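Colleague: Okay, sequence plus prediction incoming.
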Amino acid sequence: MAVLMQRELDDLKKSLLSLSAVVEERVRQAVQALLTNDLQLAKQVKGGDNQIDNLEVELEEECLKVLALHQPVAADLRFIVSVLKINNDLERVADFAVNIADRAIDLCGVNKVDCPYDIAGMAALVEEMLKKALDSLVEKNTALARKTIDLDDEVDAMHKANFASVKEAIRRKPGDLDGLIFLLSVSRYLERMADLATNIAEDVVYQVDGEIIRHGGLQADL
């Protein structure tokens, strides 16, 4: 029974890593579509959302099956709980990638607007956070996970500055209102992706060390 459960746990990890690779690529494509005004690529990102939704549901069902059949405890239980949470976070990251693709499509339908903030720089930082979080998962590297968490404050500061920059741009060019609002929403989507990357990193710390750090470092009972 123990050998069978370990095989199923390994399968869960493989499925989670496969999902994470697809989600990472979706984020990259959505940002590329936005930066290059690639309408076709934006539509491709939107069209692929069902695939990620299906992968998320399948992985959740597999987790629940292992819980029901084997009733794992301690580290194995922490692993499955982490997979369930990370699975959900990855699906939400993919949803925000679709939102960015939507904004890319919207921006193709309005007069060209110069972005008043460094959208490429912010996107690169968020993509770096997501990569670090997923690498920490693969390597069970809590030091890397904690580095991911530290970067979240930088993204939050960027989003706050972006909000001020967009407000000022609207004052200067009220005729660009629609496009600027679309660009502000992109900043918000990127900020939320960073939050989700942070969640994933926190779940890696929980999985490896049994430490809950979302609410002040409470120790886990599992």
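Modeller: Received, thanks. Numbering: from 1, shown residues only.

Colleague: which stretches of this protein form helices?
Modeller: Using DSSP state H, the helices of the chain run over 2-36, 39-47, 49-70, 74-107, 119-139, 142-172, 177-209.

Colleague: any chance of these in a markdown table, plus mean neighbour count?
Modeller: To be clear about C-beta, it is placed using only N, CA and C from the backbone, and glycine gets the same treatment. As requested, the helices of the chain are arranged in a markdown table below (neighbours: other C-beta atoms under 10 Å):
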| stretch | mean neighbour count |
| --- | --- |
| helix 2-36 | 17 |
| helix 39-47 | 17 |
| helix 49-70 | 15 |
| helix 74-107 | 20 |
| helix 119-139 | 19 |
| helix 142-172 | 16 |
| helix 177-209 | 22 |
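
Colleague: who are the neighbours in contact with residue 75?
Modeller: By C-beta atoms under 8 Å, 6 or more residues apart in numbering, the contact list for residue 75 reads residue 210.

Colleague: Next: the one 4 residues further on.
Modeller: Residue 79 makes contact with 9, 12, 72, 207 under the criterion C-beta under 8 Å, 6+ apart.

Colleague: Check those and tell me the two furthest apart.
Modeller: Maximum pairwise distance among the contacts of residue 79 (C-beta to C-beta): 12.8 Å, between 72 and 207.

Colleague: And the residue sitting nearest the centre point of the chain, how far from residue 171?
Modeller: Centroid-nearest residue in the chain: residue 93, 3.5 Å away (criterion: C-alpha atoms, centre = their mean). Distance, residue 93 to residue 171, by C-beta to C-beta, to the nearest Å: 33 Å.

Colleague: As a markdown table, the contacts of residue 79 with pLDDT and distance to residue 177 would be great.
Modeller: Shown next, in a markdown table, are these (pLDDT from 0 to 100; distance: C-beta to C-beta, whole Å):
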| residue | pLDDT | distance to residue 177 |
| --- | --- | --- |
| 9 | 92 | 52 |
| 12 | 94 | 47 |
| 72 | 88 | 54 |
| 207 | 87 | 45 |
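
Colleague: got CSV for the residues you listed, with distance to residue 84 too?
Modeller: Putting the contacts of residue 79 into CSV (distance: C-beta to C-beta, whole Å) gives the following:
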residue, distance to residue 84
9, 13
12, 10
72, 13
207, 11
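
Colleague: Of the helices of the chain, which is nearest residue 113?
Modeller: helix 177-209 (3.3 Å).
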